[in-house]
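*Asks:* Just need the structure, nothing else, for what follows:
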Amino acid sequence: MARYTGATTKIARKFGEPIFGPDKSYERKNYPPGQHGLAKKRKKSSEYGTQLKEKQKVKYMYGVLERQFRNTYERASKMKGRKGENLIVLLESRLDNIVYRLGIAPTRAAARQLVNHKHIVVDGVVCNIPSAQIKPGSVIGVRERSKSLEVIQDNAKGACKYSWLEWDPASLSGKYLNFPERTEIPETINEQLIVELYSK
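*Replies:* Now for the predicted structure:
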């Protein structure tokens, strides 16, 4: 499946925040990329430009391409409640994102790779689909023969810091307790701008 494999720091600088996770290169150059990145005078963005930028930021953040993002939005719009909040909750319920949130992988891209390479099990069954939607009550863990992998051993030691997830470091498995509330999700996302963009 297609995915973005280009420069991550350049994209993070474009949006003005480290959307791919901790980034030392971004800390050194936390201004827009390009020849005129340090120039203070920037063109004022239009309403459409602001909405589009927010959508692109969320797409890069969760590692989702346009068609998949659009399908997720359409699914969110059919659910009860606010479309924008439903969209974020659906993105948070992706398998690759939950693997990242549990601390098994340091970034979403690394989590996606672990899933693709069949190192992750859902309710005891190997799942290699990063976009798989996980339901509350599901148990996500590391495959038995993959528990000795260095990347997993290095990252899966600490406790999980998210209230909607439960992590057991002894068995290298965690439980998706419930859908998160929008206020619990730490990313700085203005989902209303995405709803306005798709409502045009």
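*Asks:* got a list of what the residue nearest to Lys157 when sequence neighbours are not counted touches?
*Replies:* Nearest residue to Lys157 in three dimensions, chain neighbours excluded: Pro169, at 6.1 Å (Cβ to Cβ, 6 or more residues apart in numbering). The way it works is simple: take the backbone N, C-alpha and C, and place the C-beta from them, glycine included. Going by Cβ atoms under 8 Å, 6 or more residues apart in numbering, Pro169 touches 156-159.
*Asks:* Please repeat the previous calculation with a cut-off of 10 Å.
*Replies:* 103, 156-160 (Cβ atoms under 10 Å, 6 or more residues apart in numbering).
*Asks:* now Glu181
*Replies:* If you count contacts by Cβ under 10 Å, 6+ apart, then Glu181 has 85, 89, 163-164 around it.
*Asks:* How are the strands of this protein distributed by residue range?
*Replies:* 120-122, 125-126, 139-142, 165-168, 173-176 (DSSP state E).
*Asks:* Show me where this protein has its helices.
*Replies:* In order along the chain, the chain carries the following helices (DSSP state H): 8-15, 24-28, 47-62, 66-77, 83-92, 95-101, 108-116, 150-155, 191-198.
*Asks:* So which of the ones you listed is the most surrounded?
*Replies:* Most buried of the helices of the chain by mean neighbour count (mean count of other Cβ atoms under 10 Å) is helix 95-101; its value is a mean of 24.
*Asks:* what's the average pLDDT for that helix?
*Replies:* In this model, helix 95-101 carries a mean pLDDT of 95.
*Asks:* contacting residues for Ser77?
*Replies:* Neighbour list for Ser77: 83-84, 86-87, 195, 198-199 [criterion: Cβ under 10 Å, 6+ apart].
*Asks:* would you turn those residues into JSON lines with distance to Met61?
*Replies:* Listed next are the contacts of Ser77 as JSON lines, based on distance: Cβ to Cβ, whole Å:
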{"residue": "Lys83", "distance to Met61": "18"}
{"residue": "Gly84", "distance to Met61": "15"}
{"residue": "Asn86", "distance to Met61": "17"}
{"residue": "Leu87", "distance to Met61": "12"}
{"residue": "Val195", "distance to Met61": "17"}
{"residue": "Tyr198", "distance to Met61": "17"}
{"residue": "Ser199", "distance to Met61": "21"}
